[in-house]
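Chemist: I'll drop the sequence and a predicted model, then ask my questions.
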Amino acid sequence: MTAASRPVPATAPSPLDIDTLRTHLGPDADAFALDLRAECDSTNSVLIQRAPADDGRVPVVACELQTAGRGRRGRQWQAWSGASLTFSAMWRFPVGAPVPAGLSLVAGIAVATVLENAGVAGVELKWPNDIQVHGRKLGGILVELASARQVAAVVGIGLNLSLPGEASIPGRSDVTALDQVIDELPSREALLADLLRVQRSLFDTYANSGFAAFQGAWNQRNAYADLPVRLIGETDSLEGICLGVDVDGALRLQTDTGLRRVLAGDVSLRAAG
Ligand SMILES: O=C(O)CCCC[C@@H]1SC[C@@H]2NC(=O)N[C@@H]21
């Protein structure tokens, strides 16, 4: 389905309900410390500033409306109350685990898995942190280290559930929402529960086995597989054919001067040519 072919819902979904969320989490509910809010600046900021003590549970903050949601490279993350799922969780890893190099990529695989299980076709991953469906951005992931002292990473995820009228987002034909690409929208509680559960399982494997266990799953969903791309950094850019990710999550680019590997950094990836 394209963005234009389905109407935007007239009413916003109701707020997240903690009992419904716990029901969807089932026996896993006690593994998470859930904090559901109507409004906050940024769910990543809440967790980073609060730095919850380690009681064995995964701290989670979800909110209806972020007033200062942010994305990578200092970009603003714009979301509409009730029309998005915005949440963050703080994941603690054993000392020496391969964090955070591939974490954003593994989080992307977790989101893609949940969406595919919910019936979304054509989910693609744009290195390092975008979730796309048929070339349009459905969501993004922001990984931030909570503290230099501990191996704790805050993984924030924003997913568009529905978009406001096309007229209110001029120039954003590159954006889509879940209600445009799925026949039956799952409840936000069901979606959040699945996202938490699948992340927990995949991050466990990641901590034990490293990114190599996920290389194939990421490359299968590579939005730019074998296509010309441009990587834009702070001061320079690099063009080449996108060959997917390496065993450690580095992006492999076939450039005019040979094969280059780029580790996740302050770069954006664009189609080129
Ligand atoms: O596309 C990006 O650059 C990443 C966007 C990440 C947005 C999510 S929404 C929940 C969490 N809180 C934030 O402030 N950002 C992330």
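Modeler: It's in.

Chemist: stretch 176-190 close to the ligand?
Modeler: No - shown here: stretch 176-190 not in contact with the ligand (C-beta under 6 Å from any ligand atom), separated by at least 13.3 Å. In this view, the C-beta of every residue, glycine as well, is placed from N, C-alpha and C.

Chemist: and that stretch, how far apart are its ends?
Modeler: 20 Å (C-alpha to C-alpha, to the nearest Å).

Chemist: off-centre distance for it?
Modeler: 16 Å (C-alpha atoms, centre = their mean, to the nearest Å).

Chemist: for it, give the mean pLDDT please.
Modeler: Across stretch 176-190, pLDDT averages out at 93.

Chemist: how about it: buried residues?
Modeler: For stretch 176-190, the buried set under the neighbour-count rule, 16 or more other C-beta atoms under 10 Å, comprises 176-182, 185-186, 188-190.

Chemist: can you put those residues in JSON lines and add secondary structure?
Modeler: Below are the buried residues of stretch 176-190 laid out as JSON lines (DSSP: H, G, I helix; E, B strand; the rest coil):
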{"residue": "176", "secondary structure": "coil"}
{"residue": "177", "secondary structure": "coil"}
{"residue": "178", "secondary structure": "helix"}
{"residue": "179", "secondary structure": "helix"}
{"residue": "180", "secondary structure": "helix"}
{"residue": "181", "secondary structure": "helix"}
{"residue": "182", "secondary structure": "coil"}
{"residue": "185", "secondary structure": "coil"}
{"residue": "186", "secondary structure": "coil"}
{"residue": "188", "secondary structure": "helix"}
{"residue": "189", "secondary structure": "helix"}
{"residue": "190", "secondary structure": "helix"}
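
Chemist: any chance of those in CSV, with distance to residue 212 too?
Modeler: Formatted as CSV, these follow (distance: C-beta to C-beta, whole Å):
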residue, distance to residue 212
176, 31
177, 33
178, 31
179, 36
180, 35
181, 31
182, 32
185, 35
186, 31
188, 33
189, 34
190, 31
